[in-house]
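**Q** Return atomic coordinates for the entry below.
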Amino acid sequence: MRLVHWLSFAILVSFSLAALFHHYSQPDARVALWGLGSLPVVWVAGGAFALGFLAGGVYALAWWLRALQASRTYRKEIARLQAEIEALKARHPEDEEVPRIPDRDLPLGEDAGA
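**A** This is a model prediction of the structure:
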């Protein structure tokens, strides 16, 4: 992900430098657009670049919403499993698991033969 961030930063900087170079080398360059008249080339290129970022933002939003939905699904599943475990513990309280460490002595009061 770090590579993607640096790559997008490099593209942004290179586009900005190219737009500035074009603006200073040919300040009167204009493009005729239907319904808008003629606009400077830098504005049109900047608008196209901004539309590209908006499209990327839509993809990022969709990814975020999908991740949020998956997180919610996992949390529901974990809650369901924890409730199931608690119900089993309530039904069989004598079956509580006690961890045993093989190289240690058994606590007092427990069967030494186990």
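**Q** Can you give me the neighbour number for Val42?
**A** Using other C-beta atoms under 10 Å, Val42 has 19 other residues around it. For glycine as for every other residue, the C-beta is placed from the backbone atoms N, C-alpha and C.
**Q** Which helix or which strand is home to the residue most central in space within the chain?
**A** For the chain, the residue nearest the mean C-alpha position is Trp64 (5.5 Å; C-alpha atoms, centre = their mean). Using DSSP states H and E, Trp64 sits within helix 41-91.
**Q** Relative to the whole chain's centre, how far out is that helix?
**A** 7 Å (C-alpha atoms, centre = their mean, to the nearest Å).
**Q** Now for Ala45, how many residues are close by?
**A** Counted with other C-beta under 10 Å, Ala45 comes out at 16.
**Q** show me the contacts for the closest residue to it other than its chain neighbours.
**A** Spatial nearest neighbour of Ala45, chain neighbours left out: Ala19 (5.9 Å); criterion: C-beta to C-beta, 6 or more residues apart in numbering. For Ala19, the contact set (C-beta atoms under 8 Å, 6 or more residues apart in numbering) comprises Val42, Ala45, Gly46.
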